[in-house]
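A.B. asks: heads up, no residue letters with this:
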C-alpha cells in the first residue's frame, strides 16, 4: 500500500506540475493578462477561507468557483493553473522552514495541487464540451455547462482524495463518499453560481467586476469559516464538559454503590450482633419466670441479662453517635480543665471486673504528678473506656493490658497496649473506618464496627491524633495524643 501511495502521489504531483507549466506558457497569449493575474491572486487569497465541515474531508471553498470562472475566459488549462496555484500560494503563506515535517508538507502540497489542477481541468473540459454542444446563446448553454462543470470538478476532486485515503488508511471509498455526500450540493452551488457570477462580472466590468461582485462573497466565506470554527470550539468544550460530568456521575454512582454495600454490611452486622444479646435476654428471662432458682442463680442470670442489655445500649449509642459525628455538624465540646491521669485511672478501675473474669492482668502505671488538659471530660472518658474495653475484649484469657499516661512537650499521651490477637497488616489501614471489623475477630465479641470510628472523631474534634501499631498474634498498641 505504501508503494502504491507513493506512485499515486507522484503521478498526481507530476500531472499538477505539468498543467501549471502548460498554463504558464499560455499566459502571453491571454487577451487580458491583468485579469488572469487578479484571478490567480484572488484564488490564492480565498483558499485561506476554506472551511472543513467534518474532520478534514468535507469542505467548502470559494477558490474552486474562481478556478471554474477562469474556464470561459482563458480555457481549462488556465483554470487548472489557477487551481494549482491556489494550493501553492496557501502552502507558501503557512510555510515554516524550521518545521520538522516540511518535507512531508511539500509532498502534501504536490498531491493537493495535482488533485485540484486535474479536477478543474476535467471540469473545464466538461464545461467547454457542454457549451459547444448547447451553444452560447441558449438558456441551456448559459446554465448547464456551469452545473456540469461544478459536478465534474467536485466529484473528480473528491474521488482523487478518496483514493489517497484508501491507500493510506484502507477505508472503503464508497463508505467515505456515503459519509460526506451531503457536502456535494453545497460545493456544486458555490462553484456553479459563484463561478458564473464572477465570469459575468469580469466580462461586463473587467477588473472592477472582481471587486464589485466577488469580494462580498469572499468576505461571506471568511465569516462562514469563523462561525464554523467557533462552533467547533464550542462543541469541543461541550464534549469536555459532558466527559467531566460523565466521570463525575460515574464516581458518584461508584460512591453510592459503596455506600449501599456499607449499609448492607452494617445491617448484616447489626442484625447478627443484636440477635445475640436479645436471644440471651429472652432465654434467661424465661428461665427466671418458669423455674424456681436459688438466690445465687438469680443473681448470676441477672448479671448476664444486664450485660446483654449494656451491649444493646452500646450498639444503639454508637449508631446515634456516629450519625452526629459524621453529619458535618461540628462536635460540641463542653470543655473544662481536668487531670487526664486521674481520669485514665478511673477508666481502668471501671473495667477491672470484665478483665478479672478473663484473668487478664489490667495494669495502670501511675504518674508522679497530675497531667492537666483542657477538653470535654465526658468525651475523653468515652475514648478511654472504648480503647481499654476493646483491649480486654480482644485479648485472650490470662493475657495482659497496660495503660500509661505521660507528657511529651505540649501533648498529653495515653497509650493502651495489649497482648491480644493483633490486627492483620492488610486490615490495619481501615481499622478506624465505619463498620470496619477485623474479619478474624468477629466471632470473639459483638460490635458494629463503629467504636473506633467514634473514638477517632472525638480525638480529632479535640485537635488530637490517634495511631495504632499492631502485629498479628502479638498484640496492639493504641496511642492518643491530646493538646494540653
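C.D. replies: Thanks, I have the structure now. Note that the coordinates shown come from a computational prediction; the quantities given were computed from them, not determined experimentally.
A.B. asks: Could you measure from residue 130 over to residue 257?
C.D. replies: Here the criterion is C-beta to C-beta, to the nearest Å. By it, residue 130 lies 69 Å from residue 257. Using the backbone N, CA and C atoms, a C-beta is placed for each residue, glycine as well.
A.B. asks: residues contacting residue 88?
C.D. replies: When contacts are counted by C-beta atoms under 8 Å, 6 or more residues apart in numbering, residue 88 is found next to 44, 109, 113.
A.B. asks: which among those residues gets closest to residue 30?
C.D. replies: residue 44 (17.9 Å; C-beta to C-beta).
A.B. asks: Now do the same for residue 95: its pLDDT.
C.D. replies: Per-residue confidence for residue 95 comes out at a pLDDT of 55.
A.B. asks: no, scratch that, I was asking about residue 447
C.D. replies: At residue 447, the pLDDT value in this model is 58.
A.B. asks: Break this structure into its domains for me.
C.D. replies: Each domain of the chain is listed here as a residue range: 2-205, 246-325, 335-483, per automatic domain parsing.
A.B. asks: Could you dump these into JSON lines with distance to residue 239 added?
C.D. replies: Converted to JSON lines, those look like this (distance: least, C-beta to C-beta, whole Å):
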{"stretch": "domain 2-205", "distance to residue 239": "14"}
{"stretch": "domain 246-325", "distance to residue 239": "10"}
{"stretch": "domain 335-483", "distance to residue 239": "37"}
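A.B. asks: Looking at the ones you listed, which is nearest to residue 237?
C.D. replies: When the domains of the chain are ranked by proximity to residue 237, the top entry is domain 246-325, at 14.7 Å, counting by C-beta to C-beta.
A.B. asks: any idea which of the contacts of residue 88 has the most stuff around it?
C.D. replies: For these, neighbours were counted by other C-beta atoms under 10 Å; the highest total belongs to residue 113, with 26 neighbours.
A.B. asks: in terms of contact, does it touch residue 18 like I think?
C.D. replies: No - with contacts defined as C-beta atoms under 8 Å, residue 113 does not count as touching residue 18, sitting 11.0 Å away.
A.B. asks: any idea which element residue 416 lies in?
C.D. replies: Under the criterion of DSSP states H and E, residue 416 resides in strand 411-418.
A.B. asks: now that strand: how far from the chain's centre is it?
C.D. replies: Once both centres are worked out by C-alpha atoms, centre = their mean, to the nearest Å, strand 411-418 turns out to sit 45 Å from its chain's centre.
A.B. asks: orientation of the helix or strand just after that strand relative to strand 411-418 in degrees?
C.D. replies: Proceeding N to C from strand 411-418, the next assigned helix or strand is helix 451-461, under DSSP H and E. Per axes from the mean of the first three to the mean of the last three C-alpha atoms, to 10 degrees, the angle that helix 451-461 makes with strand 411-418 is 170 degrees.
A.B. asks: Check which residues of helix 451-461 are buried.
C.D. replies: Taking 16 or more other C-beta atoms under 10 Å as the basis for neighbour counts, the residues of helix 451-461 that come out buried are 451-459, 461.
A.B. asks: follow-up on the earlier one: format the contacts of residue 88 as TSV; extra columns: distance to residue 146.
C.D. replies: Supplementary listing: the contacts of residue 88 in TSV, determined by distance: C-beta to C-beta, whole Å:
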residue	distance to residue 146
44	23
109	29
113	24
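A.B. asks: Secondary structure and distance to residue 395 added to those residues, as JSON lines?
C.D. replies: As requested, the contacts of residue 88 are arranged in JSON lines below (DSSP: H, G, I helix; E, B strand; the rest coil; distance: C-beta to C-beta, whole Å):
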{"residue": "44", "secondary structure": "helix", "distance to residue 395": "90"}
{"residue": "109", "secondary structure": "helix", "distance to residue 395": "83"}
{"residue": "113", "secondary structure": "helix", "distance to residue 395": "88"}
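A.B. asks: quick revisit: buried residues, the strand holding residue 416. List them.
C.D. replies: Taking 16+ other C-beta under 10 Å as the neighbour-count basis, strand 411-418 is seen to contain the buried residues 412-418.
A.B. asks: helices and strands around it, which ones?
C.D. replies: Contacts defined by 3 or more C-beta pairs under 8 Å, 6 or more residues apart in numbering; DSSP states H and E place strand 411-418 against helix 340-350, helix 377-393, strand 400-408, strand 475-483.
A.B. asks: Show me the contact partners of it.
C.D. replies: 340, 344, 371, 373, 384, 387-388, 391-392, 394-395, 399-407, 475-484.
A.B. asks: mind redoing it with 7 Å?
C.D. replies: Residues lying outside strand 411-418 but in contact with it, judged by C-beta atoms under 7 Å, 6 or more residues apart in numbering, are 340, 344, 371, 373, 384, 387-388, 391, 395, 399, 401-406, 475-484.
A.B. asks: Give the closest residue to residue 168 in space, chain neighbours not counted.
C.D. replies: For residue 168, the nearest residue in space outside its immediate sequence neighbours is residue 5; the separation is 5.9 Å by C-beta to C-beta, 6 or more residues apart in numbering.
A.B. asks: On the three-state scheme, the one you found is what?
C.D. replies: Secondary structure assignment for residue 5 (DSSP: H, G, I helix; E, B strand; the rest coil): helix.
A.B. asks: so how far is residue 111 from it?
C.D. replies: Residue 5 sits 10 Å away from residue 111 when distances are taken as C-beta to C-beta.
A.B. asks: Between the two, which contacts overlap?
C.D. replies: If you check residue 5 and residue 111 against C-beta under 7 Å, 6+ apart, the residues they both contact are residue 164.
A.B. asks: what about the two, which has more around it?
C.D. replies: residue 111 (22 against 15).
A.B. asks: quick revisit: buried ones among the contacts of strand 411-418?
C.D. replies: The neighbour-count test (16+ other C-beta under 10 Å) marks 340, 344, 371, 373, 384, 387-388, 391, 395, 399, 401-405, 475-482 as buried among the contacts of strand 411-418.
A.B. asks: residues near residue 337, how many?
C.D. replies: With neighbours defined by other C-beta under 10 Å, the count for residue 337 comes to 10.
A.B. asks: got the contact list for it?
C.D. replies: If you count contacts by C-beta under 7 Å, 6+ apart, residue 337 has them with 372, 374.
A.B. asks: And it, what's its pLDDT?
C.D. replies: Reading off the per-residue confidence, residue 337 sits at a pLDDT of 94.
A.B. asks: Dihedrals phi and psi, it?
C.D. replies: Listed backbone geometry of residue 337 is phi -100, psi 130, with angles given as degrees, to the nearest 10.
A.B. asks: Cool, thanks, talk later.
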